[in-house]
Every structure is written in structure tokens, then in C-alpha cells.
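Student: sequence and predicted structure are below.
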Amino acid sequence: MNIILREWSKGDIEPLVILANNKKISDNLRDHFPYPYNLKDAGEWIAINQTKTLITNFAIEVNKELAGGCGILLKEDIYRFNAEIGYWIGEKFWNKGLATHVVHLLIQEIKLTHPQIVRIYAEIFEHNQASMKVLEKNGFHLESVRQKAVVKNNIIMNDQVWVLILK
């Protein structure tokens, strides 16, 4: 499998809608990731990312086919040496080790382009065991469980903070 992280392009609009318009994906992401996911959503996402000079959101491409998305959220102020990561994979690409490889690529991207970062973390809903395994395989450890910290689909639940210390 040839896996790369690249900039989003206008050619990704239709494949993005096909992959992202999936309740199983939406159920594991923050509410600003819409469901249902439509052409307008995809067009706006790509337009926003094409205006950025610092690329922190990436299309995941597998063998020249869009497979999902991932990103780095650089923190500010007293958290300026922290970066949060997020990722999602289209359902047809699940159970192939893709997310584990993508997280590895995100770590390498952070080390290369943001060498000041000391701490990388991800926030995971308590039911998302697959994502926890992906992070664990990449050297992250469970730092905390935040009790009743998030609301998804009108359900209040715990989330977990998984951390990788670089230095």
C-alpha cells in the first residue's frame, strides 16, 4: 500500500462526500464534522484548507485514492509546545492498518515541521477502542479519562486523552 498525506484539492470534493457521508465516521468525530456530509460541506472544507499557508490538515491517499483525512492542531499560549492530532478513515479502508500508519506519518510530520513540539495528544470517545489501539501502537499512553466530559448524539460520555511525549 502506498500511503501519503497531501494537501486537499478541488478534485477531492466528490470522493470526500462519498467517504465522509457515513454515520459510523461521524459518531467518532466532533460535531463540527457534519452528518449528513454533502457537496457544500466538502467544497467549504477544501476551500478553507486551500487558503492556509501552513498546512496542518491533510488528505490521506492510498494508491492514488482518497481514503480519509487527518490533521494537526497546534496549540497556543502556555500550551504552545503541544499538538493535538485527529484522523478519520473511510469505512472501505478499515481493518487494514491504515490508521496506524497515518498516525506514524503525522508524528513524523510534526517532528519535521514543528520541532518545538514536546507533547502530542489525541482525545478519544470512550467507545472508540479501534482508535485507542492505533495510538497505543504508535507509542501513546493513556494519560486521563475525563468523566462525563463530552456530548455526542445527545449522550454524555467519558473521553480519554492519549499522549506521546517527544522530548
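Tutor: Right, received. Where do you want to start? Numbering: from 1, shown residues only.
Student: so which elements touch the top helix by length along the chain?
Tutor: Ranked by residue count and defined by DSSP state H, the top helix of the chain is helix 98-113. When contacts are defined as 3 or more Cβ pairs under 8 Å, 6 or more residues apart in numbering; DSSP states H and E, helix 98-113 sits against strand 3-6, strand 57-62, strand 65-74, strand 82-89, strand 119-125, helix 129-137. Yep, even glycine has a C-beta here, placed from its N, CA and C like the rest.
Student: how about that helix: buried residues?
Tutor: Leu98, Ala99, His101, Val102, Val103, Leu105, Leu106, Ile107, Glu109, Ile110 (16 or more other Cβ atoms under 10 Å).
Student: closest one of those residues to Tyr35?
Tutor: Using Cβ to Cβ, Ala99 comes nearest to Tyr35 of these, at 19.5 Å.
Student: next, the residue of the chain positioned farthest from its centre: secondary structure please.
Tutor: When distances are taken from the C-alpha mean of the chain, Ile78 lies farthest, 23.0 Å away, according to Cα atoms, centre = their mean. With DSSP: H, G, I helix; E, B strand; the rest coil as the basis, Ile78 sits in helix.
Student: show me what contacts the closest residue to Lys111 other than its chain neighbours?
Tutor: Closest residue in space to Lys111, ignoring its immediate chain neighbours: Leu166 at 6.9 Å, by Cβ to Cβ, 6 or more residues apart in numbering. Residues in contact with Leu166 (Cβ atoms under 8 Å, 6 or more residues apart in numbering) are Ile110, Lys111, Ile117, Val118, Arg119, Ile120.
Student: let's see that with 10 Å instead.
Tutor: 81, 83, 107, 110-111, 114-120, 139 (Cβ atoms under 10 Å, 6 or more residues apart in numbering).
Student: Glu91 too?
Tutor: Going by Cβ under 10 Å, 6+ apart, the list of residues near Glu91 reads Leu19, Asn22, Lys24, Ile25, Gly68.
Student: and the gap between it and Leu74?
Tutor: 29 Å (Cβ to Cβ, to the nearest Å).
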